[in-house]
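Asker: With the input below, show me the fold.
(chains A and B)
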Amino acid sequence: MELSKTAPTQQRKFDLFDFLYKYGTILTIFILLAVFATANPAFIQGNNVINILRSISIVTIIAIGITISLSVNGFDLSVGSVASLSNAIVISMFVWFSQNTLVAIISALAASIIVGLLNSFMIVKMKIPDMLMTLATMFIIQGIALTYTKGATISQNMVMPDGTFSAGVISTVFTKIGQVPWIIVIMVIAVVLVHIFLTYTKHGRYMYVIGGNMEAAKLSGIPVNKYKVLAYVLSAMFASIGGIVLASRVMTAEINAGAPYLMDSVAAAFIGFSVLGAGKPNAIGTFVGAVLIGILQNGLVMMSVPYYSMDIVKGGVLAFALGLTYYKQKH
Amino acid sequence: MLTEMKDISIEFPGVKALDHVSFSAATGSVHALIGANGAGKSTLMKVLSGAYGHYTGEIIMDERKVSIRSPKDANELGIQIVYQEVDTALIPYLTVGENILLKHDRTFINWKELHRASDQILKRMNMRISSKKLVKDLSLAEKQMVLIARAVSTECRFLILDEPTAPLSHTETQELFRIVNDLKAQDVGVIFISHRLPEIFELCDEITIMRNGRLVSRDSLSKISQNEVIERMLGEKLEEQFPKLNLVIGDTLLEVKGLTDSEKIHDINLTAKAGEIIGIAGLVGAGKTELCKTLFSSGKIKNGEVLLHGKKLRLRTPHEAVKQGIALVPEERRREGILVEESVSVNLSAASLGQFTKALGFLNGKAEKEKAWKIVQSLGIKTPALETKTKHLSGGNQQKIAIGKWLLTDAEVYIFDEPTKGVDVGAKKDIYELISELAKRGKAVIYASSELSEIIGITNRLYVLYDGQVVKELQTSQTTEEDILFYSTGGK
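Answerer: Numbers count the residues shown, from 1 in each chain, chains lettered A, B, ... in the order given. Predicted structure coming up:
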């Protein structure tokens, strides 16, 4: 081979499958948009677009956390429970303890950091497989959240055990978080920040390297354990932010409010693998995955598909996206 | 009976791996297939065994055109292959018998019959392994035998062995040769891929040489010499393999005192001076890899200390070892040395990313690419681009990357664990030169290898390891391969 002064770039021939792999998700989004818009012109109107973005923001934020744990080839199943716990803590800080916004948010985040540290300690030091450990944590945190709220929904003016009504109120600043435009702004900031972190910083590079081959990463002198801990703590923190935003949006803390977000978030992160041919977990892809799920959900509702059959479509889309990703990896 | 492959071509994204190659092998003979890394020998054999279906050209068996597009097709025609990575083809928690008769499944298993049948196969091949043993308890050589036994348990007419001797010790290799000769006597055609020329001349009848995806020649081994083979492999005359060492030896850099790990190595004492290449000789299983890893703090230190410049090192994780100036090129290239799913430049910068990092941890992509390209050029790494994933490169080029990433760090002690394993002659020479270049720059080099000619060729001084202990320290210029072998087999 001749060596030139500058590095050459690689050229690729057109390949239909390759094209589908890279742009399939985005193509699907446009096809869905076209179909839903034809069926119901209201679908594409500004109001509804904002509605979709609002509805996916919590899923996206939690999925961004999962993306980080996936980047070190880990998996965090406890995010749904962490979101529930954060939701409960934030609301209870206002309602039960009459605290201000800052204290409420910091308490919720602090709790999530403890969960992240617990997860990573058990995974890194005790060598428990990540999926199993976070499954256990999922139950533990779910239980803690339930115990903390005594199995009741926390809301303003709720009846306390001693028969009085609670006096605390949720601050008006806090209520803004869950409203347009702030809820969308928070989501966009999360996506952009994590995208920059994973793609343009040393730390992100190390995480991908660890995810690709942990043994080689370790033998390259990369502090593998440190980064794994960081990944699980960040994952829990994003789940907590998701829970806080959720709290602001619904203004109450219902039992297991965060649990339903787990599966949608996992789906979004996995769909994101193939977006633009990344082939690995990435923030932009995760966002696109969440958009796809959001559009599906919203469009199906508008087309009067009953809510109870929605999961069939969602699962189908996930299976399709995974098929694209893993078929590609095999070939 | 004859198998002929005619005009076989195959392409992968960006690479033409085989270019109109013809190959033929007969039953009842051992056929050597040789070529530098990336010459296409493994690819050609994967075509023959059905692993790659998208080739062009035709395959003729017994004067009849056959279609081989999947491993199943190949199996039905009696073509079996044993890959180098034996663990990928075995189920560790099943017994030897189950592994051998893996594909002979009926709905219900007759355990007695299963073990009887597999014992018979093992016995026929004079293998001393019990059918009831679990595969995970076997040695590498025994696992290979189980795979060969599995191959011959079917109607096997051609058996392809892809670098079978690379991980084997001398006695194990002899055992393998006996089995190959037995198979030959049973009219099986064996196709033998290896980088070790003496073995080929000992075992094989015919030889096909490949270079750059093309066929070079096909000869009877009685009509060709070792040097001719090497010339044809490389396409050029072979010069002196090992670089001349005129090293200026400086002060003691590294001192190891009474190093003991929790498993294998025991009470190791050694020193390495600046500009010196230290050999670690010993047979497979003597503890060379364990010693290298422990020095790099990837193994657990139980006792003893390691001093650099007379200062005691804190060695708890490889991260600390790198920070203190120690670099390791590990033995298992694909598993430990490189990141197969990442690009060439990501691999090259993996150990020194701090250099390419601006404030807040942001990467300086341009500087990273420039440095990576410099390494690619200076080491002669053959890659279409810096963005190419390293899994698409040949073994020799992967190894150069595994070494190259340490050239960007400013380590003082470089540890090499079998750096030329599975690397072709041309790339080997490059690697030797690279290593002596490091020594010239005043680094201390520790070179572990079970290839005695390498140890003799490249080191200044050597330690012989036997059963996890240093049994002898020798000056390379005053020793011979026989001496080293004597001490490494436990002689005193």
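Asker: Who does the residue lying closest to residue B:54 once chain neighbours are set aside form a beta bridge with?
Answerer: Of all residues not flanking residue B:54 in the chain, residue B:10 sits nearest, at 6.7 Å (CB to CB, 6 or more residues apart in numbering or on different chains). Yep, even glycine has a C-beta here, placed from its N, CA and C like the rest. Here residue B:10 shows beta-bridge partners residue B:18, assigned using DSSP bridges.
Asker: who touches residue B:10 in this structure?
Answerer: Neighbour list for residue B:10: B:16, B:17, B:18, B:43, B:47, B:52, B:54, B:55, B:56 [criterion: CB atoms under 8 Å, 6 or more residues apart in numbering or on different chains].
Asker: From those, which land in strands?
Answerer: B:16, B:17, B:18, B:56 (DSSP state E).
Asker: Please tell me which one of the residues you listed counts the most neighbours.
Answerer: When neighbours are counted by other CB atoms under 10 Å in any protein chain shown, residue B:18 leads these with 29 neighbours.
Asker: Touching, that one and residue B:47? I think so.
Answerer: Yes - counting by CB atoms under 8 Å, residue B:18 does reach residue B:47; the two are 7.2 Å apart.
Asker: which of the ones in strands among the contacts of residue B:10 lies closest to chain A?
Answerer: residue B:16 (12.8 Å; CB to the nearest CB).
Asker: which stretches of the stretch 101-250 of chain B form helices?
Answerer: Under the criterion DSSP state H, counting those that start in this stretch, the stretch 101-250 of chain B contains helices at B:111-124, B:140-153, B:170-185, B:197-203, B:226-234.
Asker: Put together TSV for those helices, with mean neighbour count and mean pLDDT on each row.
Answerer: Formatted as TSV, those follow (neighbours: other CB atoms under 10 Å in any protein chain shown; pLDDT from 0 to 100):
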stretch	mean neighbour count	mean pLDDT
helix B:111-124	16	87
helix B:140-153	22	85
helix B:170-185	16	87
helix B:197-203	16	86
helix B:226-234	17	80
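Asker: what number of residues lie near residue A:268?
Answerer: Count around residue A:268 with other CB under 10 Å applied: 30.
Asker: List the buried residues of the helix or strand containing it.
Answerer: Remark: residue A:268 resides in helix A:259-272, with elements defined by DSSP states H and E. Residues of helix A:259-272 classed as buried: A:259, A:261-272 (neighbour count, 16 or more other CB atoms under 10 Å in any protein chain shown).
Asker: now do stretch A:240-250
Answerer: A:240, A:241, A:242, A:243, A:244, A:245, A:246, A:247, A:248, A:249.
Asker: which residues touch it?
Answerer: By CB under 8 Å, 6+ apart, stretch A:240-250 touches A:57-59, A:61-62, A:65, A:79, A:82-87, A:90-91, A:105, A:108-109, A:111-112, A:174-179, A:183, A:186, A:190, A:253, A:257-258, A:261.
Asker: could you flag which of those are buried?
Answerer: Among the contacts of stretch A:240-250, the ones that count as buried by 16+ other CB under 10 Å are A:57-59, A:61-62, A:65, A:79, A:82-87, A:90-91, A:105, A:108-109, A:111-112, A:174, A:177-178, A:183, A:186, A:190, A:253, A:257-258, A:261.
Asker: Looking at those residues, which are in helices?
Answerer: The helices, defined by DSSP state H, take in A:57-59, A:61-62, A:65, A:79, A:82-87, A:90-91, A:105, A:108-109, A:111-112, A:174, A:177, A:183, A:186, A:190, A:261 from those.
Asker: Output the contacting helices and strands for the one helix or strand residue B:447 maps to.
Answerer: Element membership for residue B:447, per DSSP H and E: strand B:444-449. Packing contacts for strand B:444-449, counted by 3 or more CB pairs under 8 Å, 6 or more residues apart in numbering or on different chains; DSSP states H and E, involve strand B:252-261, strand B:268-273, strand B:277-281, helix B:288-295, strand B:413-417, helix B:425-440, helix B:452-458.
Asker: which parts of the stretch 101-250 of chain A sit against chain B?
Answerer: Counting by CB under 8 Å from any CB of the partner chain, the residues of the stretch 101-250 of chain A close to chain B are A:200-203, A:205-206, A:208-209, A:212-213, A:215-225.
Asker: I'd like to know how far residue A:189 sits from chain B.
Answerer: Between residue A:189 and chain B the computed distance is 16 Å (CB to the nearest CB, to the nearest Å).
Asker: Nearest to chain A, out of the helices and strands packed on strand B:444-449?
Answerer: helix B:288-295 (8.4 Å).
Asker: from chain B, which residue is nearest to chain A?
Answerer: Nearest residue of chain B to chain A: residue B:322, at 2.8 Å (CB to the nearest CB).
Asker: mind checking the SS state of the closest residue to that residue other than its chain neighbours?
Answerer: Distances taken as CB to CB, 6+ apart put residue A:221 closest to residue B:322, at 2.8 Å, once the chain neighbours are dropped. Of the three states, residue A:221 takes coil under DSSP: H, G, I helix; E, B strand; the rest coil.
Asker: Before we move on, what's the pLDDT of residue A:221?
Answerer: Residue A:221 is assigned a predicted lDDT (pLDDT) of 89.
Asker: I figured it was touching residue B:315, is that so?
Answerer: No - assessed by CB under 8 Å, residue A:221 is found out of contact with residue B:315, at 12.0 Å.
Asker: Next, show the common contact partners of those two.
Answerer: The contact lists of residue A:221 and residue B:315 share residue B:321, where a contact means CB under 8 Å, 6+ apart.
Asker: more neighbours, those two?
Answerer: Legend: neighbour count by other CB under 10 Å for residue A:221 and residue B:315, higher for residue A:221 (29 against 20).
Asker: Could you list the low-pLDDT ranges of chain A?
Answerer: Low-confidence segments of chain A (pLDDT under 70): A:1-14, A:325, A:328-331.
Asker: Strands of that one, residue ranges please.
Answerer: Counting by DSSP E, chain A contains no strands.
Asker: Quick check: the residue of it nearest chain B.
Answerer: Chain B sits closest to residue A:221 of chain A, with a gap of 2.8 Å, by CB to the nearest CB.
Asker: Perfect, I'm done here.
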